[in-house]
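Have a look at this prediction, sequence included:
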Amino acid sequence: MSATSGDTGVIEIPGDLFDAPEDSALIHACNVQGAWGAGIAQVFKQKYPAAYRYYRNHCQTYRYGIMTHSILNFQPGESTITVRLPLGTALVIPPQPGDCKGGRKRHWIICLFTSRSYGVRVDSPDMIINSTSAALKDLKSQVDSLRNDHQNGGSPAPGRLYSCRFNSGLFAVPWEETRGLVEDVGLDMTVVYPAEETVGNDEKEGL
């Protein structure tokens, strides 16, 4: 992969997302049900089983709760809408020891909660856009805080952010719409798409 920590904005390159450098963060879109059962999420589950358990436990803490927050609504009507947590947030998972054995790279895993469910019950594309915008803002806040703390001698922080063209596969949101949200938030991110695809095509593996 040719991207470096000095690259800014959204950069798209061909390759394999899981070849990202040591200590970088791999981003994908998730449901809040605790399921990584299809698409690239299933690959994440196979490669990072400890991170999957971390994600699933996080989802379980909200399963029967009624905690909510307000997120921006991009569609006509109310300017904000109220949703149940963790929808519209990001979960930043540090490298898990069990996932780094056998010479496997040490990666942070980032889950963007962009749909409440999956399959036939997946949220509408419009609702996914609302949730994605909120989740990306939450991600930027968390990453900025972790990096600032690390620079001041605190705990480790994720390196460069890498992602698939999330939302564009099983969640059926055109990639360019999601990319626009990433740019609006101001995140520096390397988006990795399969080498056989052109930059303008949606990746069919990602959630």
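Okay, I see it.

quick one: contacts for Thr178?
Counting by Cβ atoms under 8 Å, 6 or more residues apart in numbering, Thr178 makes contact with 129, 132, 165-168. C-beta coordinates here come from the backbone N, C-alpha and C atoms, glycine included.

6 Å instead?
132, 167 (Cβ atoms under 6 Å, 6 or more residues apart in numbering).

same deal with Leu87?
For Leu87, the contacting residues are 32, 113, 116, 131, by Cβ under 6 Å, 6+ apart.

Include secondary structure, neighbour count and pLDDT when you put these into CSV, please.
Shown next, in CSV, are the contacts of Leu87 (DSSP: H, G, I helix; E, B strand; the rest coil; neighbours: other Cβ atoms under 10 Å; pLDDT from 0 to 100):
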residue, secondary structure, neighbour count, pLDDT
Val32, coil, 24, 98
Phe113, strand, 26, 98
Arg116, coil, 19, 98
Ser131, helix, 26, 98
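
as a whole number, average confidence for stretch 168-175?
Mean per-residue pLDDT for stretch 168-175: 96.

where's Gly180, which helix or strand?
Under the criterion of DSSP states H and E, Gly180 resides in helix 175-185.

quick one: strands adjacent to the following helix or strand past that helix?
Next helix or strand after helix 175-185 toward the C-terminus (DSSP H and E): strand 189-193. Here strand 189-193 has these sheet partners by DSSP bridges: strand 10-14 (parallel), strand 161-163 (parallel).

pLDDT averaged over stretch 77-87 - what is it?
On average, stretch 77-87 scores 96.

tell me which residues in it are buried?
Neighbour counts over stretch 77-87 (16 or more other Cβ atoms under 10 Å) mark 81, 83, 86-87 as buried.

could the strands paired with strand 189-193 go into CSV alongside mean neighbour count, mean pLDDT and distance to Trp108?
Shown next, in CSV, are those (neighbours: other Cβ atoms under 10 Å; pLDDT from 0 to 100; distance: least, Cβ to Cβ, whole Å):
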stretch, mean neighbour count, mean pLDDT, distance to Trp108
strand 10-14, 16, 98, 18
strand 161-163, 25, 98, 9
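
among the ones you listed, which is nearest Ala20?
strand 161-163 (4.2 Å; Cβ to Cβ).
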